[in-house]
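Trainee: Sequence and computational prediction follow.
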Amino acid sequence: MDFEDLLAYKKAFENAMEIFKLSKSFPNEEKYSLTDQIRRSSRSVNANIAEAYRKRRYPKHFISKLTDADGENSETLVWLKYALACQYITESQQEPLLAKSKEVGKLINYMINNPEKFGVGKE
């Protein structure tokens, strides 16, 4: 198995791509703030999952990188709430993104709580 086969990675990638498409419509004055922040945090979830998987030989590194992924996922939730509050997206656009982010969070936490199921600590 490779990190790209992980369900958490797949779902986070889908969410990041949806956020990217949606954020194209954000106003220009948000280019260097909300737009960049939400894109960066949503993409960082995947990057941290990939790093965690590659460091699975070392349990503490694995869990640390997954904790980073979970933090970035939570940050994405906050930016989605700002996007709604600023009326850049509608509730119907926000809801599936929030749901997928929450699902990704559960998957990441499953990995954190069950590292042995992901080959952690094996040479």
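Mentor: Arrived safely, thanks for sending.
Trainee: Three-state assignment for residue 88, please.
Mentor: Following DSSP: H, G, I helix; E, B strand; the rest coil, we place residue 88 in the coil state.
Trainee: Now it: closest residue in space, sequence neighbours ignored.
Mentor: Sequence neighbours aside, residue 26 is the residue nearest to residue 88 in space, at 5.0 Å (criterion: Cβ to Cβ, 6 or more residues apart in numbering). (Glycine included, C-beta is placed from N, CA and C.)
Trainee: Count residues in the vicinity of residue 114, would you?
Mentor: Counted with other Cβ atoms under 10 Å, residues neighbouring residue 114 total 10.
Trainee: Equivalent analysis for residue 100, please.
Mentor: Neighbour tally, residue 100, other Cβ under 10 Å: 19.
Trainee: now it: how far from residue 15?
Mentor: 4 Å (Cβ to Cβ, to the nearest Å).
Trainee: ok, now residue 26?
Mentor: For residue 26, the distance to residue 15 - Cβ to Cβ - is 17 Å.
Trainee: can you check residue 69 too?
Mentor: Distance, residue 69 to residue 15, using Cβ to Cβ: 12 Å.
Trainee: Compare those two and say which is more crowded by neighbours.
Mentor: The neighbour comparison of residue 69 against residue 15 (other Cβ under 10 Å) goes to residue 69, with 28 against 25.
Trainee: list the helices and strands the longest helix that the chain contains packs on?
Mentor: If you go by DSSP state H, the chain has its longest helix at helix 59-85. Helix 59-85 sits against helix 7-23, helix 36-54, helix 91-113, with contacts defined as 3 or more Cβ pairs under 8 Å, 6 or more residues apart in numbering; DSSP states H and E.
Trainee: angle of that helix against helix 7-23?
Mentor: In terms of direction (axes from the mean of the first three to the mean of the last three Cα atoms, to 10 degrees), helix 59-85 departs from helix 7-23 by 30 degrees.
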